[in-house]
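> Structure of the sequence below:
(one chain, ligands or ions: 1)
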Amino acid sequence: MHSIIDSHVHLYPEEVNKDPIQWAEVNQEKQWKILCTRKRRDNSPVQLFPTVLELLKAMDDACVERSVLMGWYWETESSCEMQNAFYKSLINSHADRFSAFASVHPKTKQIKSLIKKLKDDGFSGLGELSPHSQGVAIREKSLSEILTAASELAMPVNLHVSDPDSRRYEGYVETPLKDFIALAKRFPKTRFILAHLGGLLPVKYPEVRDLENIYYDTAALPLLYESALWPLFLSHVDSSKILYGSDYPLRLYPSKTVKTGVSDFIQALESSCPSEITRAALLAGNIKAILKL
Ligand SMILES: [Zn+2]
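Numbering: from 1, shown residues only. Below you'll find the model as predicted:
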């Protein structure tokens with residue numbers, strides 16, 4: 001039996017879950033509303049809004065020992081504070097099951113001291129961030145401050161990446177792949193975890209293999225790519241650079257199940273890994289090494 005850690009999980013407090021659409025309207029989170037309360041063509045929801053107990057049960061069912069909770073690229077500072085307060089309570093009450101990445105807004109004043117405080121509060125990293133979605137140019141000073149603080153405090157940064165060649169869905173945000181290469185080069189001491197296979201960055205720009213500070217997670221893979229793509233991705237990336245992440249509570253196989261499909265995804269990954277070493281590294285070993293778990 002493998003040790004399994006899910007490196008990309010989202011969860012929201014009860015006040016959001018109760019009525020996500022209304023919450024988003026009151027709190028001016030327009031993009032989140034589009035992305036997270038969408039319906040599929042058959043009118044079923046794109047994602048679920050589970051409670052903490054439901055997440056713990058889902059983890060038990062899929063033999064996931066720990067989840068790394070991801071924040072969101074909120075449009076307002078107050079939403080970042082709400083998310084961080086919620087996650088702080090969870091990593092305190094369930095230290096054995098949860099790690100968490102914090103949400104930060106680039107427009108926050110004295111961002112460095114905030115990030116230091118987040119580290120002291122027990123946060124392991126920053127993310128899921130998306131300067132493109134928050135309307136922040138990648139050369140903006142505030143983003144530099146965030147990425148510099150992250151490297152000084154040894155906090156990895158998870159960034160949302162959209163594949164420029166993927167189909168467009170409602171709420172799709174352009175994230176030019178060259179921006180991530182530029183960031184990784186400008187901040188060589190910052191560890192970047194590029195979500196969603198980094199939009200296939202290493203397949204499209206094989207030279208990024210030389211950039212030691214770039215990692216990739218598998219969040220939402222079944223929704224984004226055919227299974228045939230996985231071996232191609234593996235052939236372009238060192239297996240020590242890939243982290244299993246689901247993007248829970250997104251429904252990964254909407255035509256197959258009304259649930260999130262996390263167990264199916266783990267099984268699919270396990271059976272398509274070329275070796276036992278790759279499997280163990282991808283499912284837990286790599287993120288354990290990064291977060292010193
Ligand atoms: Zn994402």
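
> got a list of what the nearest residue to Leu69 once chain neighbours are set aside touches?
Excluding its sequence neighbours, the residue lying closest to Leu69 (CB to CB, 6 or more residues apart in numbering) is Ala100, at 4.2 Å. (C-beta placed from N, C-alpha, C; glycine too.) Listed by CB atoms under 8 Å, 6 or more residues apart in numbering, the contact set of Ala100 reads Val68, Leu69, Met70, Gly71, Tyr87, Lys88, Leu90, Ile91, Gly122, Phe123, Ser124.

> What score does the second one have for pLDDT?
If I follow you right, that is Leu69. On the pLDDT scale, Leu69 is placed at 98.

> Contacts for the biggest helix by length in the chain next, please.
If you go by DSSP state H, the chain has its longest helix at helix 77-93. Contacts with helix 77-93, where a contact means CB under 8 Å, 6+ apart, come from 11-13, 15, 27, 29, 32, 52, 69, 71-72, 74, 98-100, 102-105, 107-108, 118, 121-123.

> re the thing from before, closest one of the contacts of Ala100 to the ion?
Nearest to the ion among these: Met70, at 8.1 Å, using CB to the ion.

> That closest one contacts Ala102, correct?
No. At 9.6 Å, Met70 does not count as touching Ala102 under the criterion of CB atoms under 8 Å.

> among the contacts of Ala100, who's most crowded?
Of all the contacts of Ala100, Met70 has the most neighbours under the rule other CB atoms under 10 Å, reaching 30 neighbours.

> Could you list which residues are in contact with it?
His8, Val9, His10, Ala100, Phe101, Gly127, Glu128, Asn158.

> In strands only, show me those.
Counting by DSSP state E, the part of the contacts of Met70 found in strands is His8, Val9, Ala100, Phe101, Gly127, Glu128, Asn158.

> What separation do you get for the residue with the largest distance to the centre of the chain and the ion?
Most distant residue from the mean C-alpha position of the chain: Asp42, 26.6 Å away (CA atoms, centre = their mean). From Asp42 across to the ion, the span is 23 Å (CB to the ion, to the nearest Å).

> For that residue, give me phi and psi.
phi -80, psi 10 (degrees, to the nearest 10).

> in the stretch 51-200 of the chain, which spans are helices?
52-61, 77-93, 111-120, 141-152, 177-186 (DSSP state H, counting those that start in this stretch).

> need those helices in a markdown table with distance to Leu243 and mean pLDDT, can you?
Formatted as a markdown table, these follow (distance: least, CB to CB, whole Å; pLDDT from 0 to 100):
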| stretch | distance to Leu243 | mean pLDDT |
| --- | --- | --- |
| helix 52-61 | 16 | 97 |
| helix 77-93 | 19 | 98 |
| helix 111-120 | 20 | 97 |
| helix 141-152 | 17 | 97 |
| helix 177-186 | 16 | 98 |
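
> residue in this protein nearest to the ion?
His160 (3.7 Å).

> doesn't Asp179 make contact with that residue?
No. His160 is beyond contact range of Asp179, at 11.8 Å (criterion: CB under 8 Å).

> Which one's more surrounded, those two?
Legend: neighbour count by other CB under 10 Å for His160 and Asp179, higher for His160 (21 against 17).
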